[in-house]
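Visitor: The following comprises the amino acid sequence and a computationally predicted model.
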Amino acid sequence: MSKFTEILGKIKNTSDFEESGQVLLYLGNVIKDTKKLSVEELNEIMSFAVEEMKRLLTVIPNEKSYKKKDEIFFYEDKLLMVYTLAGGKNKDTFGKEEDIDIIRQLVELVGKETAIEDAVDNIFKLNLISKADIEKVLDIVKPIEDEYRRGKFFQGLIEYKKEIKKLSADAKITLADYIVKETERLLNIAQSDNDATNSLEYVADVCKYFINDRLLELLEQMMKLKSNNIRYYALETLLDNKCDVSENAIRELAEDIEYADLTHGLLSKYGKAKLFPTEFASAEYLAKSNMVHWLMYPTELGKKPDEIQLLGDTVIRKDTYYIFKYKSDSDNLSDDLRNEWLIGWANSNGNTFSNFDLLSDFEGKDLKKTLKKITKKLKRIE
C-alpha cells in the first residue's frame, strides 16, 4: 500500500466534489514538490484519476442542479491536474489511448455544459467586441432557466472587468439594456430565490461599467434590500455617480461587522465619511470589522468567526495594532485548532493577519505578559 492509497480511497466515488477537489489540489502540490515517486505510486494516482473521470461521464448528465455540476467541474479539473502531474513523471504510461479517449469525452461533455463560461471567455479574447458578439452570447444566456447558471454570465463579466474597455459603444449599449432588464427581473424574485440574490451581487458590482439613468434607479432599489453584500456594491456605484444614498442603509452596513470597515473606507474615499454613524467609527470597532472580513476569505476560515473578542492593543513603529482572540468551527482548521481560542491582529493600514496561532501558546501570568509575547511575534513578522 502506497502513501497515497488511504487518501485516494477516502475520496473515491465521492459525492462531496468541492471538498474532494481541495484534497486533490493538495495532492497536486505533493506530486510537484516530491522529487521522486515510485512507478507504482504514479500508476495508482493515474488509475484513480481515470476511473473517477470515467464515473463523471455518467454523473454529470444525471445531475439536475447546475450548482452541483459546478462543484463537479471543479473536481474534474483537479482530476485532470493530478493525472497530468503524475503522468509527467511517468511518461511510460502517460497518455495511453484508452485514457486519452476518456479525457476527451469528459472535456467535450464539460464544454457543452459550460457554454456560458466558454462564450464569455471567447469574446474577451477578441481585440474589439462588437454588438453582434454580445448578441451571440446573450442568445446562449437568455434561454437558461437555472438561476445559478444564468448568474455565470455576470460572474464572467466580473472576472474580465479590466477587459470591458474592449466593448464597442454599440456593444456596451446592448449589454446595458440586457443588464437593466435582468436586474428588474432579479429584483422581483430576489426575496424568494437565493441564486437570484447572489446574481444581484454580481450585477451590483459590474453595472458600474454600463451605467445609465435606469440602472441608477435600480441601484437605489438594491439599497433597500436586506442584503449587505449587494448594498455595498450598489453604494459604491451610487457614490461614484454623485447620487444621494440612504442613511438608513449606511447605518445597517455600519452595524454589520463584516461590512463596517469596508463601508467606512468607501465613504471616506468619496468624501462622505460624515455619513458613517459616529458610534461605529471607533478604531477598535473598525479593526475588528477588518479582522472579521479577512477571516471570511475562502483561504482563511471561509466564514465569520463564531466568537471574537479584543485582547488589547500594542504599538509597533508608531502603528497601533488591535489584537483579537477568536473561535471557529471552520472546516479549514485542523482538529486541534477547531473551537479553540486563536489570535489575530489588525491595524488602520490594512495590516491584518492571523496564522491560526493558539492563544494558549502565548499566555503569560496575566494579560499584559500575554500581549507582550504576541507583540514579540508581531515584530518578527512585521
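Guide: Thanks, I have it. Numbering: from 1, shown residues only.
Visitor: Phi, psi for Pro277 please.
Guide: phi -60, psi 130 (degrees, to the nearest 10).
Visitor: Dihedrals phi and psi, the closest residue to Glu307 other than its chain neighbours?
Guide: With CB to CB, 6 or more residues apart in numbering as the criterion, Glu307 has its nearest non-adjacent residue at 4.5 Å, and that residue is Lys327. C-betas here are computed from N, CA, C, even on glycine. Per-residue torsions, Lys327: phi -130, psi 150 (degrees, to the nearest 10).
Visitor: Contacts only, for Lys327.
Guide: Lys327 sits next to 305-308, 339-342 when contact means CB atoms under 8 Å, 6 or more residues apart in numbering.
Visitor: most neighbours, which of the residues you listed?
Guide: Leu342 (25 neighbours; other CB atoms under 10 Å).
Visitor: Could you tell me which residues make contact with it?
Guide: With contact taken as CB under 8 Å, 6+ apart, Leu342 is in contact with 325-328, 354, 356-359.
Visitor: Which member of those is positioned nearest Glu145?
Guide: Lowest distance from Glu145 to the contacts of Leu342 (CB to CB) belongs to Ser328, with 37.1 Å.
Visitor: and Trp14, how many residues sit next to it?
Guide: Rather than Trp, residue 14 is Thr. Neighbour number of Thr14 under other CB under 10 Å is 18.
Visitor: and what of Tyr160?
Guide: 17.
Visitor: what pLDDT does it get?
Guide: On the pLDDT scale, Tyr160 is placed at 97.
Visitor: Could you find the closest non-adjacent residue to it?
Guide: Leaving aside its sequence neighbours, Tyr160 sits nearest to Phe124 (CB to CB, 6+ apart; 4.5 Å).
Visitor: What residues of the helix or strand of the chain with the lowest mean pLDDT count as buried?
Guide: Scoring the helices and strands of the chain by mean pLDDT, DSSP states H and E places helix 367-381 at the bottom, with a mean of 87. By 16 or more other CB atoms under 10 Å, the buried positions in helix 367-381 come out as 370-371, 374-375, 378.
Visitor: sorry, back to before: and the residue nearest to Glu307, how far from Lys377?
Guide: Relative to Lys377, Lys327 is positioned 20 Å away (CB to CB, to the nearest Å).
Visitor: For Asn43, I want the exact helix or strand it lies within.
Guide: Element membership for Asn43 (DSSP states H and E) is helix 39-62.
Visitor: Please list the outside residues in contact with that helix.
Guide: 2-5, 8, 12-14, 27, 31, 69, 72, 75-76, 79-80, 82-83, 86-87, 89-90, 92-94, 99, 102-103, 105-106, 109-110, 113.
Visitor: In terms of secondary structure, what does the host helix or strand of Asp261 contact?
Guide: Counting by DSSP H and E, the element that carries Asp261 is helix 260-269. Counting contacts by 3 or more CB pairs under 8 Å, 6 or more residues apart in numbering; DSSP states H and E, helix 260-269 packs against helix 228-240, helix 247-255, helix 283-295.
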